[in-house]
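> Next comes the sequence, and after it the predicted model I'd like to discuss.
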Amino acid sequence: MARLKLATVWLGGCSGCHMSFLDLDEWLIDLATLVDLVYSPFADIKEYPEGVDVVLVEGAIANEEHLETIRKVRERSQILVSFGDCAVTGNVTALRNPLGSAEPVLQRCYIEAADIHATIPYEPGIVPPLLDRVIPVHSLVAVDVYLPGCPPDATRIKAALEPLLKGEKPLLVGREFIKFG
């Protein structure tokens, strides 16, 4: 049986979902016998590969680089899991949305609160420009599975992954599997 290609992606979020993934502890050893981790912040892989079977996408879409990344991820992945509340709803990452644009946040952080060298960072190809609105993953690409939680705990992550590894869609029901926060 061919090993599944698993990927994880980190967009606009805190990496808490990836930390919860590591809380799978010993089950990670079992998982490693079933999948090849082909892309992740856990590995030094620069280009998102073709033919990914399952991808966990953490974080909302907050900048231009995220736009490019999520489109590539969707195009190259069979099953996309919206991984955590930021990916599912925008959550904390989207708290700047009521301000109407990215400009007030940039002004406050880099001009008003600066001790020295007050300037908004802009370096094409290095610092991706912020989008005016932070958006959840499903607002831009099709999502196959929603895995809420801030972050989702290891039990919830395993409950989503186990059926996916068998080619089945996870049935996440009950408070312990669908509660936000």
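Nice, thanks for sending it over.
> which residues does residue 136 contact?
60-61, 82, 86-90, 94 (C-beta atoms under 8 Å, 6 or more residues apart in numbering). From N, CA and C alone the C-beta is placed, and that goes for glycine too.
> cutoff 7 Å now
For residue 136, the contact set (C-beta atoms under 7 Å, 6 or more residues apart in numbering) comprises 60, 87-90.
> Kindly report the same for residue 56.
For residue 56, counting by C-beta under 7 Å, 6+ apart, the contacting residues are 8, 81, 83.
> Please flag which of those sit within helices.
Using DSSP state H, the subset of the contacts of residue 56 located in helices is empty.
> following the host helix or strand of residue 155, which helix or strand comes up?
Using DSSP states H and E, residue 155 sits in helix 154-165. From helix 154-165 onward toward the C-terminus, using DSSP H and E, the following helix or strand is helix 175-178.
> avg pLDDT for that following helix?
Helix 175-178 shows a mean pLDDT of 72.
> If we go by neighbour counts, what in it is buried?
Neighbour counts using 16 or more other C-beta atoms under 10 Å place residue 177 of helix 175-178 among the buried residues.
> Centre of the chain to that helix, how far?
19 Å (C-alpha atoms, centre = their mean, to the nearest Å).
> Now do it: which elements does it pack against?
Helices and strands in packing contact with helix 175-178 are not found; criterion 3 or more C-beta pairs under 7 Å, 6 or more residues apart in numbering; DSSP states H and E.
> where does the residue lying farthest from the centre of the chain fall, helix, sheet strand or coil?
Largest separation from the mean C-alpha position in the chain: residue 116, at 33.3 Å (C-alpha atoms, centre = their mean). Classification of residue 116 using DSSP: H, G, I helix; E, B strand; the rest coil returns coil.
> circling back: where helices are concerned, which of the contacts of residue 136 count?
Using DSSP H, the contacts of residue 136 in helices are 87-89.
> Is it possible to get CSV of the contacts of residue 136 that adds distance to residue 26, pLDDT and neighbour count?
Compiled in CSV, the contacts of residue 136 are given as follows (distance: C-beta to C-beta, whole Å; pLDDT from 0 to 100; neighbours: other C-beta atoms under 10 Å):
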residue, distance to residue 26, pLDDT, neighbour count
60, 31, 98, 31
87, 26, 98, 32
88, 28, 97, 22
89, 31, 96, 21
90, 33, 97, 23
